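[1] Predicted model follows, preceded by the sequence.
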Amino acid sequence: MTHQQTLLNQLREITGTTDIQLLQQALQVSNGDLAEAVAFLTEKNAKVPQQDETTYYQTSQVASDRYISVGSQADTNVIDLTGDDKDDLQRAIALSLEESSRAFRETGITDEEQAISRVLEASIAENKASLKRTHTEVWSDSPNPHDRKRIDNCPVGLKNVGNTCWFSAVIQSLFNLLEFQRLVLNYSPPARVHDLPRNQKEHRNLPFMQELRNLFSLMVGSKRKYVDPSRAVEILKDAFKSSESQQQDVSEFTHKLLDWLEDAFQMKAEEDREGEKPKNPMVELFYGRFLAVGVLEGKKFENTEMFGQYPLQVNGFKDLHECLEAAMIEGEIESLHSAENSARSGQEHWFTELPPVLTFELSRFEFNQALGRPEKIHNKLEFPSMLYMDRYMDRNREITRIKREEIRRLKEHLTLLQQRLERYLSYGSGPKRFPLADVLQYAMEFASSKPVCTSPVEDIDSSAPPGGTTGQHSGPASGPTTAPTAAQQQRVPIHKPFTQSRLPPDLPMHPAPRHITEEELRVLEGCLHRWRSEVENDTRDLQGSITRIHRTIELMYSDKSMMQVPYRLHAVLVHEGQANAGHYWAYIYDPHQRSWMKYNDISVTKSSWEELVRDSFGGYRNASAYCLMYINDKKPFLIEEEFDKETGQILSGMDKLPPDLKQYVKEDNELFDKEIEEWDTMQARKAQQEKLIFTHTALKLPQQDPEYMEQPSPTNDSKHLQEDTERAISRAAAEQEERSPEALLNAAIKLEYARLLRFAQEDTPPENDYRLQHIIVYFIQNQAPKKILERTLLTQFADRNLAFDERCKSIMNVARAKLDLIKPEEVNMDEYEIWHQDYRNFRETTIFMTTGLELFQKTNYVEALMYLIYSYQYNKELLSKGLYRGHDEELLGHYRRECLLKLNEQAAAMFESGEEPEVTTGLGIMNELVVPCIPLLLIHDTERDLLAVEDMRNRWCSYLGQEMESNLQEKLTDFLPKLLDCSTEIKSFHDPPKLPSYSTLELCERFSRIMAALGRVPTEGR
């Protein structure tokens, strides 16, 4: 790239100016001095009226009155580069250039490298600081290694080790290019650098290359569901030593990453091919060439330049081809095609060589000079899954120029047709306009209405009271008003819309002409009919012509000769959030499964083109693509698996790895296997201990049964059960002829079972849940085995707290004797304990749910949240075993969601106050309560939960466009990445709240009361 072209690109990036002539004028005036050129352009821009830009930024704010301004002062430390004070401007430029120059002289490190260092240091610091955070902010691995175990050959995720989702997205996209994967895995460092690296590049790149190999090998053969990339990120961080300036765009990291890989492979290539020009596989994979053909001040030039990631502007374009067309032409290009010597300047780009992997950077960030900060462009931009690059190739230059000229001519014609059509569809001279065909139709309807002979106001009695009722009085009338006139006697009755079922027959439906003759009406109707027909025909013709031109333009490059360079979409890197905060993930196509996969940190899930379009095109929520990776569809080696040369079988898993990496992965897998083994041993030991304790308790000490079945002494919780048991015994005694204790016990158990069976089969409202009243109802509804039911009922009748009359005591003793006689093989005690534990979990979940809903109704959302969160999670576990194991999941999900939204509103209101204690409390609520719960809403991908999360995020993102004090801006910038993190990895919570002690009767009453109260809420309110 020429020096002048480099300066032009730098100027364009710094000032945002795209006018090539203006940029060249600035360089000419400044004699190539970048600082003076910036000053020249800034002064030029300052003279341009800013009204349109201001209007644009005002209308781009979130359209909601609830989002108010935060704070009262703008950042006073920012130097105004848009005003008239040239001293400020010159000082800012001079300071910037001097600082940049001084830093480079002292350290030998460029500004770009320093900026990258700052973000990486922030990422690592975030990771280290997380160890000191409160429970709710920590990214924690599940203690159960089985939860972290890879299933079959599912792709391996990457752990987010502190704002490193950008790293995960880029690395996964490259790793899934199998040719790139092979190059990295099979890389071996040059032999001469094994002893000591010669320079900084070798000192930095070679260790990074080794860590990347290790990381890739784990992604190939690990038994873990996800792996930790910390060591590779640490090396990236250690490569730079600076702590100033602002965060750079993530695309800079991708550039630098490929640069380092290129350097590492270049060292190896130079060693392997001494005497020959070495070939660098990174260059051959990712770099192409284009020919810059242009005119500069009337002089023609041609330059060949190399490119890697090709930058494209998004703003003002609707699809990728429009972006590319604009990027390939700069300035005024008419002089390129004419023989005349012109003073105009401009250039075209024509690709001479495309790389196998073609990457486009979509520039979705602009610097808002009015606000002094970058802003994200959320405009929709469509891109195809198959991209044909023929029209941009140098070999097709002439035919493309012909087609572009034809398209230009068609678009000019299209513009004229659309302007003409607009005149038909928006007719009129005032602010309100209507389709001309409708105007003629309305005129026809008016003319055809039944003529009226009176003024529209003459038939209304001005003396009538409001409401349209006539002024009739029951008392005697006096004065001249009492005598009705002839006109009043013939008055048309007034229509009363709320008291009359239909219009009076004499009242006209529409305004109508006062006087019109039959001849006038006939002529007028004839004209209006004819004109309307002509207008409709003209409109149809225009619409048809516009559609045909659109179709012609779409098919302009569809002939086979222009479909010879196909590139298939391989990966889409997505950013959600705003310019200075957000989350990254990637969609990558799996050609073997023929489906899209979503790589979101540790989560790797199957996706679809529809989901990709929703998240990547933009214009929907705050998510959009910032990088597109296409691969040459005629080079299948890029994504083809490697074959064993001897057997011809596809190499997969560990077979892909060279010996050193195979050993590395083997050792890591052994560590993981050992962790699983230790976990299983520990769990088996716990289970054995619990089993021994339970068996001892159940068989040797039968008097200690579950607390909801029996209490050591009479309490409120056991009285209802005792009363039910005693009633069953009394009824059995009254109905049973045989009076032996065993006969009475059998009869009483049958009566009690019949009663509970009726409860289990009864269709009751939500507030009357019989499962809470008796465990047997729960067991019946969930089809527990008969032996479990029998033992549970026997336990009920063996209660020592039954009445002390001889009959009950004898029945209790028989029940206890029967329990002692039950052999272990007759009733599976493990199964028995599981069923009773499930019921205990059901009661516990109900207490969580009842307490949470009660607190929610009292608007105590902070305390309510954890109860609702845990009740939802526990209830979901219960429902996984059966439909009647838990409560209404939709109801619990609704109140969990509503509680989070209410807390979000409270926290946002506190932040908007601008008061330090309020702001701190509000952000504390978000960090400690709301943010840790967001993955719970995202993980199941239900529409209402996703919309709730989006609503919460939009509320906070709306503050980015508002002025606020610097300390608030700093806190918001620190907080937003946590809120916008889309990972579904569950963060650890506080321990579950302590549950209050409820008797069965009290629990039933409180549950019934809160459910009845919720039942009075309209359905749409829930």
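    Cool, got the structure. Numbers count the residues shown, from 1 in each chain.
[2] just the helices in the stretch 501-650 of the chain please.
    518-554, 609-616 (DSSP state H, counting those that start in this stretch).
[3] ugh, wrong one, I meant the stretch 101-250 of the chain
    Secondary structure of the stretch 101-250 of the chain by DSSP H, counting those that start in this stretch: the helices cover 111-129, 165-175, 178-185, 200-221, 230-238, 250-272.
[4] Tell me, how many residues neighbour Phe434?
    Using other Cβ atoms under 10 Å, Phe434 has 12 neighbouring residues. Where C-beta positions appear, they are placed from N, C-alpha and C, glycine not excepted.
[5] show me what contacts it?
    426-428 (Cβ atoms under 8 Å, 6 or more residues apart in numbering).
[6] switch to 10 Å and redo it
    425-428, 442 (Cβ atoms under 10 Å, 6 or more residues apart in numbering).
[7] Could you dump the residues you listed into CSV and include distance to Ile549 and neighbour count?
    Listed next are the contacts of Phe434 as CSV, based on distance: Cβ to Cβ, whole Å; neighbours: other Cβ atoms under 10 Å:
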residue, distance to Ile549, neighbour count
Leu425, 17, 17
Ser426, 21, 12
Tyr427, 23, 16
Gly428, 27, 10
Tyr442, 32, 13
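[8] min pLDDT across these, which one?
    Ranked by pLDDT, the contacts of Phe434 bottom out at Gly428, which has 86.
[9] does it really touch Leu436, like I thought?
    Yes - the pair Gly428 / Leu436 is scored as a contact, 8.8 Å apart, by Cβ atoms under 10 Å.
[10] Turn the contacts of Phe434 into CSV, including distance to Tyr770 and secondary structure.
    Below are the contacts of Phe434 laid out as CSV (distance: Cβ to Cβ, whole Å; DSSP: H, G, I helix; E, B strand; the rest coil):
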residue, distance to Tyr770, secondary structure
Leu425, 65, helix
Ser426, 66, coil
Tyr427, 70, strand
Gly428, 70, coil
Tyr442, 66, helix
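[11] Distance to Thr792 added to those residues, as a markdown table?
    Output for the contacts of Phe434, formatted as a markdown table (distance: Cβ to Cβ, whole Å):
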| residue | distance to Thr792 |
| --- | --- |
| Leu425 | 76 |
| Ser426 | 78 |
| Tyr427 | 81 |
| Gly428 | 82 |
| Tyr442 | 79 |
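[12] Distance from the helix or strand harbouring Gln25 to the middle of the chain?
    For Gln25, the element it lies in under DSSP states H and E is helix 20-29. Chain-centre distance of helix 20-29: 43 Å, with Cα atoms, centre = their mean, to the nearest Å.
[13] for that helix, packing partners?
    Helices and strands touching helix 20-29, by 3 or more Cβ pairs under 10 Å, 6 or more residues apart in numbering; DSSP states H and E, are helix 3-15, helix 34-46, strand 288-296, strand 329-331, strand 346-353.
[14] Can I get the last one in CSV, CA atoms only?
    The C-alpha atoms that make up strand 346-353 are tabulated as CSV, following Å, rounded to 0.1, in the frame of the first residue of the first chain:
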residue,chain,number,x,y,z
GLY,A,346,-11.1,8.4,-7.7
GLN,A,347,-10.2,4.8,-7.8
GLU,A,348,-11.7,1.3,-8.2
HIS,A,349,-10.6,-1.9,-6.5
TRP,A,350,-10.6,-5.2,-8.4
PHE,A,351,-9.6,-8.4,-6.8
THR,A,352,-6.9,-10.2,-8.6
GLU,A,353,-6.5,-13.0,-6.1
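[15] related to what we said a few turns ago, which of the contacts of Phe434 lies at the shortest distance from Leu628?
    Distance to Leu628, by Cβ to Cβ, is smallest for Leu425 among those, at 36.4 Å.
[16] Would you confirm that that closest one contacts Glu536?
    No - with contact defined as Cβ under 10 Å, Leu425 does not count as touching Glu536 (11.7 Å).
[17] Mutual contacts of these two, please.
    435-437.
[18] Turn those residues into TSV, columns for secondary structure, pLDDT and distance to Leu819.
    Below are those laid out as TSV (DSSP: H, G, I helix; E, B strand; the rest coil; pLDDT from 0 to 100; distance: Cβ to Cβ, whole Å):
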residue	secondary structure	pLDDT	distance to Leu819
Pro435	coil	92	86
Leu436	helix	91	92
Ala437	helix	90	89
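[19] Can you say which of those residues are buried?
    Among those, those scoring as buried are 436-437 (criterion: 16 or more other Cβ atoms under 10 Å).
[20] between the shared contacts of Leu425 and Glu536, which is nearest Asp888?
    Closest to Asp888, out of all of the shared contacts of Leu425 and Glu536 and judged by Cβ to Cβ, is Pro435, at 50.7 Å.
[21] show me the residues around the closest one that make contact.
    Contact partners of Pro435, counting by Cβ under 10 Å, 6+ apart, are 424-427, 441, 535-536, 539.
[22] Please, where are all the strands along the stretch 801-950 of the chain?
    According to DSSP state E, counting those that start in this stretch, the stretch 801-950 of the chain carries no segments that qualify as strands.
[23] all helices for it, in order.
    Using DSSP H, counting those that start in this stretch, helices in the stretch 801-950 of the chain cover 806-821, 829-857, 861-879, 889-913, 916-925, 931-938, 943-957.
[24] mind checking which of those is nearest Phe365?
    Per Cβ to Cβ, nearest to Phe365 of the helices of the stretch 801-950 of the chain: helix 943-957, 14.5 Å.
[25] now the helix or strand harbouring Lys666: mean pLDDT?
    Assigned by DSSP H and E, Lys666 falls within helix 659-695. Averaging pLDDT along helix 659-695 yields 85.
[26] That helix - contacts with which helices or strands?
    helix 200-221, helix 829-857.
[27] Only the buried residues of it, if you could.
    Buried-residue list, helix 659-695, by 16+ other Cβ under 10 Å: 661-662, 664-665, 668-669, 672, 676, 694.
[28] Isn't Lys971 up against Phe911?
    Yes - using Cβ under 10 Å, Lys971 is in contact with Phe911, at 8.3 Å.
[29] Quickly list what's touching both of these two.
    Joint contacts of Lys971 and Phe911 (Cβ under 10 Å, 6+ apart) are 919-920, 922-923, 964.
[30] just these: which has the poorest pLDDT?
    For the shared contacts of Lys971 and Phe911, the pLDDT minimum is Met964, 81.
[31] wait, doesn't that residue sit right on Ser913?
    No - contact between Met964 and Ser913 fails when scored by Cβ under 10 Å: they sit 11.6 Å apart.
[32] Of those two, which one has the most company?
    A count of neighbours by other Cβ under 10 Å puts Met964 above the other of Met964 and Ser913, at 22 against 15.
[33] helix, strand or coil for the more buried one?
    The local conformation at Met964, judged by DSSP: H, G, I helix; E, B strand; the rest coil, is coil.
[34] Got phi/psi on it?
    Main-chain torsions, Met964, degrees, to the nearest 10: phi -160, psi 170.
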